[in-house]
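*Asks:* I'd like to go over a predicted model; first the sequence, then the structure.
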Amino acid sequence: MNSQEATPNERVFVLPGDILGDDSFKSGSGTYIKDGVIHAAQVGVLNINRDFINIMPAFSSYVPKHGDSVIGIIVDNGPSSWMVNIGCPYTAMMHTNDVQWNVKYGDTGKYLKPGDAILAKVSNVNEVKKIQIAMKEHGLRKLESGILVKVPQPKVPRIIGKGGSMIAMLKQKTQTRMFVGQNGMIWVEGEDNNMEVVSQAIQIIKDRAHVSGLTDYMENYLDSQDCRDSRDSPDIGSNGD
Amino acid sequence: MDNVQLIDDNGKRNDGRGPEDLRPIKIEAGVLNNADGSAYIEWGKNKIIVGVYGPREMHQKHLQKPDRAIVQVNYSMASFSVDERKRPGQGRRELEISKILSEALERSIISNKYPRTSIDVFIEVLEANAGTRCAGLTAASVAMADAGIPMTGLIASCASGKVDGQVVLDLDKLEDNTGDADLPVGYIPLTDEVVLLQMDGHLTPQEFDKAFGLAKNACVEIHQLQRDALTKKYSQDPDEDNGEDQAGEEVVSE
């Protein structure tokens, strides 16, 4: 298990404390350095990207970064701000200055109430992890319909797929609109039956995230499902990120 | 009390073990669906389940640390876990164990990634037969790794002690109650750190060195079981979960 060298195609499973390499490499995410040697800090799969050693964790909680697109749920509204759950250990704050509406002091509840889901962007994270989010940019809005599906944050890249291939296929085969937040919350809108298919498909991707040939497997799976084709417009779905 | 013979003439203990043998140990990771991480351990007749929640925002604000996460352990024994019904709730003993285990676990994690948060660990003893703090710590460390919390290494823990004037490893209930000394050790084999060390009773310096060495060696053995438990959970082939031959698989593995 203490693999000094790993070929790029080989999936190496590591556990906390495992020795991953010496100081000819740089310590990336999920690792730590002790006495000039890089060790694993999390359970996951080894990923060597040029001279960086990273671990793709099997499970870990979301840590917001500046610029992340996320889906949040309003938990509380104050006179000039909302508190938003974005699926990380900290509750994020969104000020009335950071939304596209002109909100009067004390009128926050007229626009967003606890329980509402929104598309937002992380605008600031400081050193004690006070998080501010905003929905001022084009395309960021309140989600009025559809369903939310949650996956652990480390699985997000598999939902999107290489160059967005997986999500493009999901959208195309099920005729739904989707948005994947960096925090692992996924919004799906479409026919009731098709939303159910997508939600099942997402669970399968989550369970098989570490298996190769996932896109082909999912293509077969979706073809075997009965997706109603009610919308004729080929222009379905927007932000694939 | 004194005329109980704990080690017979052949050097065997009351349950048939030699002086340096562990009780059988079984660890399983990821047993609770709604916890972020969990583990179950069977250690001899001990049965313990551990759930880890978090990191999550610490809601007693005066306890939160601006630069790091803290670990809050809640050790509790079920009222049916011992022969005589145990009065439920946190007593002096539970508070002490919760405190020492949270300090031990806090040493093993890389806590500055999640400032102002707490990681809540619930250790629930379902059946107790001496050595529950060691078994609980061993399982809690697996559960924390399962929850994806960054750590320097897994903590393995084991007790040694003195029975009938002889240093032995991993005391069971009879030996714990009637023996001369008990020495629980928590140890991170990969970084060679001791994170828990307590002593009950009397040992000479020579006996202490022997007992400590025994416990440390046992921790290395237990550490391998912890690794196996985590590897088993995460390297599972999804086809085995929903494939037709699942029933056959289960019969073979048990």
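*Replies:* Cool, the structure landed.

*Asks:* could you give the bridge partners of B:L197?
*Replies:* B:V185 (DSSP bridges).

*Asks:* identify the residues contacting it.
*Replies:* B:L183, B:P184, B:V185, B:G186, B:F212 (C-beta atoms under 8 Å, 6 or more residues apart in numbering or on different chains). For glycine as for every other residue, the C-beta is placed from the backbone atoms N, C-alpha and C.

*Asks:* my guess is the last one contacts B:G186. True?
*Replies:* No: judged on C-beta atoms under 8 Å, B:F212 makes no contact with B:G186 at a distance of 12.0 Å.

*Asks:* and the two? which has more neighbours close in?
*Replies:* B:G186 (29 against 19; other C-beta atoms under 10 Å in any protein chain shown).

*Asks:* let me know the pLDDT of the nearest residue to the more buried one once chain neighbours are set aside.
*Replies:* Nearest in space to B:G186, with sequence neighbours left out and distances taken as C-beta to C-beta, 6 or more residues apart in numbering or on different chains, is B:L196 at 2.9 Å. Listed pLDDT for B:L196 reads 97.

*Asks:* run a quick neighbour tally on B:L196.
*Replies:* 20.

*Asks:* for it, list the residues it contacts.
*Replies:* B:I100, B:L101, B:E103, B:A104, B:R133, B:L137, B:I155, B:S157, B:P184, B:V185, B:G186, B:Y187.

*Asks:* any idea of the mean pLDDT for stretch B:169-180?
*Replies:* The average of the pLDDT scores along stretch B:169-180 is 93.

*Asks:* mind listing what's buried in it?
*Replies:* B:L169, B:D170, B:L171, B:D172, B:K173, B:L174, B:E175, B:D176, B:G179, B:D180 (16 or more other C-beta atoms under 10 Å in any protein chain shown).

*Asks:* now do stretch A:73-89
*Replies:* A:I73, A:I74, A:N77, A:S81, A:W82, A:V84, A:N85, A:I86, A:G87, A:C88, A:P89.

*Asks:* helices or strands up against the longest helix anywhere in chain A?
*Replies:* The single longest helix within chain A, with elements called by DSSP state H, is helix A:192-207. On a contact count with 3 or more C-beta pairs under 8 Å, 6 or more residues apart in numbering or on different chains; DSSP states H and E, helix A:192-207 meets strand A:147-150, helix A:156-160, helix A:165-174, strand A:185-189, helix A:214-224.

*Asks:* want to try a markdown table for the ones you listed, with mean neighbour count and distance to chain B as columns?
*Replies:* Shown next, in a markdown table, are the helices and strands packed on helix A:192-207 (neighbours: other C-beta atoms under 10 Å in any protein chain shown; distance: least, C-beta to the nearest C-beta, whole Å):
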| stretch | mean neighbour count | distance to chain B |
| --- | --- | --- |
| strand A:147-150 | 17 | 13 |
| helix A:156-160 | 18 | 13 |
| helix A:165-174 | 19 | 16 |
| strand A:185-189 | 22 | 17 |
| helix A:214-224 | 14 | 10 |
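
*Asks:* for B:G161, which of these is the nearest?
*Replies:* Minimum separation from B:G161 across the helices and strands packed on helix A:192-207 (C-beta to C-beta) falls at strand A:147-150, 47.5 Å.

*Asks:* A:Q132: neighbour count?
*Replies:* 19.

*Asks:* mind checking how far the particular helix or strand that has B:N177 in it is from the chain centre?
*Replies:* Using DSSP states H and E, B:N177 maps to helix B:173-178. Taking the mean of its C-alpha atoms, helix B:173-178 sits 19 Å from the chain's own mean (C-alpha atoms, centre = their mean, to the nearest Å).

*Asks:* residue numbers of the stretch 51-200 of chain B in contact with chain A?
*Replies:* With the criterion set to C-beta under 8 Å from any C-beta of the partner chain, the stretch 51-200 of chain B comes near chain A through B:54-57, B:66-67, B:110, B:113-117, B:145-154, B:188, B:190-191.

*Asks:* for B:V142, give me phi and psi.
*Replies:* Main-chain torsions, B:V142, degrees, to the nearest 10: phi -60, psi -40.

*Asks:* right, I'll call it a day here.
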